[in-house]
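Peer 1: sharing a sequence plus its predicted fold:
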Amino acid sequence: DILVDGKVCDCDLVVTCQVGDPVPLQVKLTNWSKHSVGPFALTMMPYQDYQNGVHNYDLQDAITFVGSNTFYIDTVKPAKNSVYFGALLFLYTGDFYLNIKFHEDKCSRELPLSWLCLPSVHIRATEPVA
């Protein structure tokens with residue numbers, strides 16, 4: 001489950017926030033398998049989709065994380081979950097997306113997509129209301 005600014009994200013929802021306000025981010029990983037899983041890492045990478053097949057991940061001037069964008073997960077037991085908290089700070093207006101990847105701890109090898117059921121996270125940063 002992914003919550004942005006307290007709202008559950010799914011593929012049809014656009015979360016709107018204001019430039020300059022920290023946006024709380026929560027990712028809850030639930031282990032539905034019969035075995036413990038881990039260790040691995042969860043990394044969140046914001047990007048812009050130019051709607052022509054190009055994704056711009058070079059956003060250090062537009063978005064910053066309050067805290068870390070990578071969380072290390074030791075072990076998640078069967079039928080248990082692990083929750084991670086962070087925040088995003090948008091510096092400019094625009095439509096942004098959040099790519100959430102799981103990979104093996106201490107290497108960049110991504111885990112199989114069959115492990116994951118993550119919705120697309122679409123965030124629209126707007127001008128602050130005066």
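Peer 2: Nice, thanks for sending it over. Residues are numbered from 1 along each chain as shown.

Peer 1: helix or strand: which one has Phe102?
Peer 2: Take DSSP states H and E as the rule and Phe102 turns out to sit in strand 94-104.

Peer 1: chain center to that strand, what's the gap?
Peer 2: Distance of strand 94-104 from its chain centroid, counting by CA atoms, centre = their mean, to the nearest Å, is 5 Å.

Peer 1: partner strands of whichever helix or strand comes after that strand and their direction?
Peer 2: Toward the C-terminal end, the helix or strand that comes next after strand 94-104 (DSSP H and E) is strand 121-126. The strands beside strand 121-126 in its sheet (DSSP bridges) come out as strand 14-18 (parallel), strand 94-104 (antiparallel).

Peer 1: of the ones you listed, which approaches Pro46 most closely?
Peer 2: The closest of those to Pro46 is strand 94-104. By CB to CB, the value is 5.4 Å. Just so you know, the C-beta spots here come from the backbone N, C-alpha and C atoms, and that holds for glycine as well.

Peer 1: rewinding a little: do you know which of the strands paired with strand 121-126 lies nearest Tyr50?
Peer 2: strand 94-104 (10.2 Å).

Peer 1: the closest one: which residues count as buried?
Peer 2: Residues of strand 94-104 classed as buried by neighbour count (16 or more other CB atoms under 10 Å): 96, 98, 100, 102.

Peer 1: note down every partner strand of the lowest-mean-pLDDT helix or strand in the chain and its orientation.
Peer 2: Sorted by mean pLDDT, DSSP states H and E, the helices and strands of the chain end with strand 7-8, the least confident at a mean of 78. The pairing partners recorded for strand 7-8 under DSSP bridges are strand 2-4 (antiparallel).

Peer 1: who's in contact with Ser36?
Peer 2: For Ser36, the contacting residues are 75-78, by CB atoms under 8 Å, 6 or more residues apart in numbering.

Peer 1: Pro78 against Gly38, yeah?
Peer 2: No: using CB atoms under 8 Å, Pro78 makes no contact with Gly38, being 11.8 Å away.

Peer 1: who's more crowded, these two?
Peer 2: A count of neighbours by other CB atoms under 10 Å puts Gly38 above the other of Pro78 and Gly38, at 16 against 11.
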